[in-house]
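S.K.: Coordinates for the following, if possible.
(one chain, ligands or ions: 2)
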Amino acid sequence: MNLIDTHCHLDFPDFDKDRLSVINRAKDAGIVRILNVSCSMKSCKKTSELTRGSDSIYGSIGIHPHDAASADDAAISSLKEMAKDKKIVAIGEVGLDYYRNLSPKEKQVEVFLKFISISKELNLPLIIHSRNAMAETLDIIKREFKGNCKGVFHCFSGDEKSLDEILGLGFYVSFTCNITFKNAERLREIVKIAPMDKVLLETDAPFLAPQHLRGKRNEPAYLAYLLDAVSEIKGLSKEEIADTTTRNANRLFKLGI
Ligand SMILES: [Zn+2]
Ligand SMILES: [Zn+2]
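M.R.: Ligands and ions are numbered 1, 2, ... in the order given. Sure, this is the predicted structure:
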């Protein structure tokens, strides 16, 4: 059974002490590809290093909306060069986060727009982070893309209406272990109705460990728990979920499988 963790942050200091063991445990758990997603200048550099260190690790280049304030034009053009590497398969995570507003809204929008244009120019899919900002994110996407969009809304936790909209625009939707949380009944309903050919799996490690490990560090190997949950919610075998989501991730990110 082959699985792909389409979104995690192995470059974070949380993994400094045992990064190699974490990568090996992921392999043992059937994770054949890991997509390490960048959030900042520093994280882009580390992601590039990680992709060079392992055949199974691919990367994305981008600046998280939290860090948008730090992204000047020089930084963004150097990241664009970095994104031309063949192991860099996406632009992200980029988007809008009006929940924490760690960068001013105008700056978040400005940086998001710049990365959208890089994704179009380099023909790379977008990994979108959108929190408390779904309407604004969708407005921007509709304005910036005329035809079908390429990308994923990661850690999706929106409602049925926004699910329909993002699927209608051509995006994939990605779920994390937060679907296992006790109070996530509404989100499990969304998982149930999401069409399987548009679903991706991710851990977003080190964040969002599954319910029984809540508060602890998450890691790619725990994708197995997400697989259990999705299989139960969908009423489909684990093999079928693994096959379909791996095919989806490979179709979107071209991970050589
Ligand atoms: Zn995110
Ligand atoms: Zn993330």
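S.K.: list the helices and strands the helix or strand that L96 is a member of packs on?
M.R.: Per DSSP states H and E: L96 is located in strand 88-97. On a contact count with 3 or more CB pairs under 8 Å, 6 or more residues apart in numbering; DSSP states H and E, strand 88-97 meets strand 57-61, helix 105-122, strand 126-131, helix 134-144. All C-beta atoms are positioned from the backbone trio N, CA, C, and that covers glycine.
S.K.: Which among the ones you listed is found nearest to S174?
M.R.: For S174, the closest of these is strand 126-131, at 8.4 Å, according to CB to CB.
S.K.: does L102 really touch H66, like I thought?
M.R.: Yes: when contacts are counted by CB atoms under 8 Å, L102 is listed as touching H66 (4.1 Å).
S.K.: Is it possible to get the helices and strands packed on strand 88-97 out as a markdown table so that each row also shows distance to ligand 1?
M.R.: Shown next, in a markdown table, are the helices and strands packed on strand 88-97 (distance: least, CB to the ion, whole Å):
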| stretch | distance to ligand 1 |
| --- | --- |
| strand 57-61 | 11 |
| helix 105-122 | 13 |
| strand 126-131 | 4 |
| helix 134-144 | 12 |
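S.K.: Figure out which of those is closest to S157.
M.R.: Nearest of the helices and strands packed on strand 88-97 to S157, taken as CB to CB: strand 126-131 at 8.4 Å.
S.K.: The closest one vs helix 105-122, what angle?
M.R.: Computed by axes from the mean of the first three to the mean of the last three CA atoms, to 10 degrees, the angle separating strand 126-131 from helix 105-122 equals 160 degrees.
S.K.: how about low-confidence regions in this protein?
M.R.: For the chain, no stretch is flagged by pLDDT under 70.
S.K.: show me where it has helices.
M.R.: 19-28, 41-53, 73-82, 105-122, 134-144, 160-168, 185-193, 223-234, 238-253 (DSSP state H).
S.K.: Buried residues, the fourth one. List them.
M.R.: Which is helix 105-122. 108-109, 111-112, 114-116, 118-119 (16 or more other CB atoms under 10 Å).
S.K.: which other residues reach it?
M.R.: Applying CB atoms under 8 Å, 6 or more residues apart in numbering, the contact partners of helix 105-122 are 62-63, 65, 68-69, 71, 76, 79-80, 83-84, 90-92, 94-98, 103, 124-126, 136, 140-141, 144-145, 150-151.
S.K.: and what of the fifth one?
M.R.: Helix 134-144 is touched from outside by 95-96, 98, 109, 112-113, 116-117, 120, 128, 130, 149, 158, 162, 165-166, 169, with contacts defined as CB under 8 Å, 6+ apart.
S.K.: ok, 7 Å please
M.R.: For helix 134-144, contacts defined as CB atoms under 7 Å, 6 or more residues apart in numbering pick out 95-96, 112-113, 116, 128, 130, 149, 158, 162, 165, 169.
S.K.: Give me the buried entries from those.
M.R.: By neighbour count, with 16+ other CB under 10 Å, the contacts of helix 134-144 hold 95-96, 112, 116, 128, 130, 149, 158, 162, 165, 169 as buried.
S.K.: Tell me the one among the residues you listed nearest to N2.
M.R.: Ranked by distance to N2 (CB to CB), the buried ones among the contacts of helix 134-144 are led by I128 at 25.0 Å.
S.K.: Confirm for me that that closest one is in contact with L96.
M.R.: No: counting by CB atoms under 7 Å, I128 does not reach L96; the two are 8.7 Å apart.
S.K.: most remote residue from the protein's center?
M.R.: Largest separation from the mean C-alpha position in the chain: A74, at 25.1 Å (CA atoms, centre = their mean).
S.K.: Close to ligand 1: what parts of the stretch 101-250 of the chain are there?
M.R.: H129 (CB under 5 Å from the ion).
S.K.: Nearest approach to T47 belongs to which of the helices and strands packed on strand 88-97?
M.R.: Among those, if distance is taken as CB to CB, the winner is strand 57-61, at 4.0 Å.
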